[in-house]
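Trainee: could you look at this predicted model? Sequence included:
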Amino acid sequence: MLETIKLSKSFKGKKAVQDVNLYLDSGESVGLLGPNGAGKSTTISMISSLIKPTAGEIKLNGVNIINNPEQIRRILGVVPQELALYEALSAYENLKFFGSIYKIRGNELDKSIQRALEIVGLQDRQKDLVKTFSGGMKRRVNIAAALLHHPKILILDEPTVGIDPQSRNHILETVRMLNKNEGTTVMYTSHYMEEVEQLCDRLYIMDHGEIIASGTKGELLSILSTEDTIKVQLSKMDDRFVTQVKSIEGVRKVEAANTNLKIIAKKGINLVSELVYLSEQHHIQLINFHTENPSLEDVFLHLTGRTLRD
Ligand SMILES: Nc1ncnc2c1ncn2[C@@H]1O[C@H](COP(=O)(O)OP(=O)(O)OP(=O)(O)O)[C@@H](O)[C@H]1O
């Protein structure tokens, strides 16, 4: 349905997005995951025709639409990261304004607004001024605005950043419902691994402007099929101990937080005896020790050497 080929963008010579190839099939829910500054918003802005790529193509059903953005605007709903609402107007009035941008008018506009408000669960607050809304409710109005023209594809740019858990769950539920029940194709960017795990059939992992991995959750996890993730709780933390753990043969990464260690190591190495030996030397007790199934966070750590929120 939608495809980017070697999509790239530089700002004043600095590369923000480079050679991004991704596709979106009809009815899919696809996640774009990456830390701050990875290039997610820039990629989405190019797909939404808000900014022009420096190079590359964006194809809608096989046709390059970079110089013909009207085609994609008709079928695309975009929920940007920044809120774009008039605080002094009611939710209904805000949506009326957005509807006029899409050139929807009269009875049809009213029906579209009521449907969108129902989807985001704000029908009973439609007459209230936006300035009385919580951050999460404002974001839900933003989502409603993107739904007014019944888009086939919905792109959401980190829609749950900085909002209360209740609104967050509401938004996740709304996106899931639109995708599963209404057949809306979804592209969802986030740096919350658990959100894309819950919502998305397929993922792209982005870092420093490039796609560094893609696939279903299972496919991405299989990248780590040669590694174990071991969590250890210590009686106290000691930097010299951590340094020595890092140097054990087969240990690939060690993360320390408070008195806990997360160790990623080659499958099959005898880590227990090494840890027991080192902990005795440093007068540290091993309080707890268990091997975990790897998560997508671990895949990201493996690929980049950093955690998603570094
Ligand atoms: N208008 C701009 N002018 C200059 N540099 C920009 C502009 N927009 C983005 N960048 C740079 O491009 C890179 C990618 O930014 P982008 O906002 O796309 O990342 P992101 O993955 O969406 O991060 P975030 O989660 O923080 O929004 C960053 O280094 C950013 O500073």
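Mentor: Alright, I've got the coordinates.
Trainee: packing partners of whichever strand or helix holds Ser273?
Mentor: Assigned by DSSP states H and E, Ser273 belongs to helix 271-281. The contact analysis (3 or more Cβ pairs under 8 Å, 6 or more residues apart in numbering; DSSP states H and E) places helix 271-281 against strand 227-234, helix 239-246, strand 286-292. For glycine as for every other residue, the C-beta is placed from the backbone atoms N, C-alpha and C.
Trainee: contacts for the helix or strand following the second one next, please.
Mentor: Using DSSP H and E, the next helix or strand after helix 239-246 towards the C-terminus is strand 251-257. When contacts are defined by Cβ atoms under 8 Å, 6 or more residues apart in numbering, strand 251-257 is touched by residues 227, 237, 242, 245-246, 261-266, 269, 271, 301-302, 305, 307.
Trainee: can you check stretch 98-116 too?
Mentor: 92, 95-96, 123, 126, 143-145, 147-150.
Trainee: need the buried ones from those selected in PyMOL.
Mentor: Selection of the buried residues among the contacts of stretch 98-116 in PyMOL, burial being defined by 16 or more other Cβ atoms under 10 Å:
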select buried, resi 92+95+96+123+126+143+144+145+147+148+149
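Trainee: among the contacts of stretch 98-116, pick out the one closest to Tyr188, please.
Mentor: When the contacts of stretch 98-116 are ranked by distance to Tyr188 (Cβ to Cβ), Ile143 comes first, at 11.7 Å.
Trainee: what helix or strand does that closest one sit in?
Mentor: Per DSSP H and E: helix 135-147 holds Ile143.
Trainee: what of Asn94?
Mentor: Asn94 belongs to helix 91-101, assigned by DSSP H and E.
Trainee: mean pLDDT, distance to Val17 and mean neighbour count for the helices and strands packed on helix 271-281 - can I get that in TSV?
Mentor: Below are these laid out as TSV (pLDDT from 0 to 100; distance: least, Cβ to Cβ, whole Å; neighbours: other Cβ atoms under 10 Å):
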stretch	mean pLDDT	distance to Val17	mean neighbour count
strand 227-234	90	30	19
helix 239-246	94	34	15
strand 286-292	89	33	12
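Trainee: take those and write them to TSV, including distance to the ligand.
Mentor: Shown next, in TSV, are these (distance: least, Cβ to the nearest ligand atom, whole Å):
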stretch	distance to the ligand
strand 227-234	26
helix 239-246	29
strand 286-292	27
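Trainee: where are the low-confidence patches of this structure?
Mentor: 309-310 (pLDDT under 70).
Trainee: got the angle between the helix holding Asn94 and helix 135-147?
Mentor: 30 degrees (axes from the mean of the first three to the mean of the last three Cα atoms, to 10 degrees).
Trainee: how many other residues sit next to Asn36?
Mentor: Asn36: 11 surrounding residues under other Cβ atoms under 10 Å.
Trainee: what do you get for Leu50?
Mentor: If you count neighbours by other Cβ under 10 Å, Leu50 ends up with 14.
Trainee: again, but for Met237
Mentor: Other residues near Met237 come to 14 when the count uses other Cβ under 10 Å.
Trainee: quick check: it vs Arg73, distance?
Mentor: Look at Met237 and Arg73: by Cβ to Cβ, to the nearest Å, they are 53 Å apart.
Trainee: just Gly99 next, same as before
Mentor: Taken as Cβ to Cβ, the span from Gly99 to Arg73 is 14 Å.
Trainee: still on that earlier bit, just the contacts of strand 251-257: which are in helices?
Mentor: Among these, DSSP state H puts 242, 245-246, 271, 301-302 in helices.
Trainee: Phe97 touches Ala88, doesn't it?
Mentor: No: counting by Cβ atoms under 8 Å, Phe97 stays clear of Ala88, with 11.9 Å between them.
Trainee: pick out whichever of these two has more residues nearby.
Mentor: Phe97 (13 against 10).
Trainee: wait, what's in contact with that one?
Mentor: 86, 89.
Trainee: once you drop chain neighbours, what's closest to Ala116?
Mentor: Leaving aside its sequence neighbours, Ala116 sits nearest to Ala144 (Cβ to Cβ, 6 or more residues apart in numbering; 3.8 Å).
Trainee: looks like that neighbour contacts Glu118 (just checking).
Mentor: No: Ala144 lies out of contact with Glu118 (Cβ under 8 Å); the separation is 9.1 Å.
Trainee: enumerate the residues of the chain near the ligand.
Mentor: 11, 16, 34, 36-42, 81, 158 (Cβ under 6 Å from any ligand atom).
Trainee: any idea how far Lys127 is from the residue minimising distance to the centre of the chain?
Mentor: Nearest to the mean C-alpha position of the chain, by Cα atoms, centre = their mean, lies Ser190 at 1.9 Å. Taking Cβ to Cβ as the measure, Ser190 falls 32 Å from Lys127.
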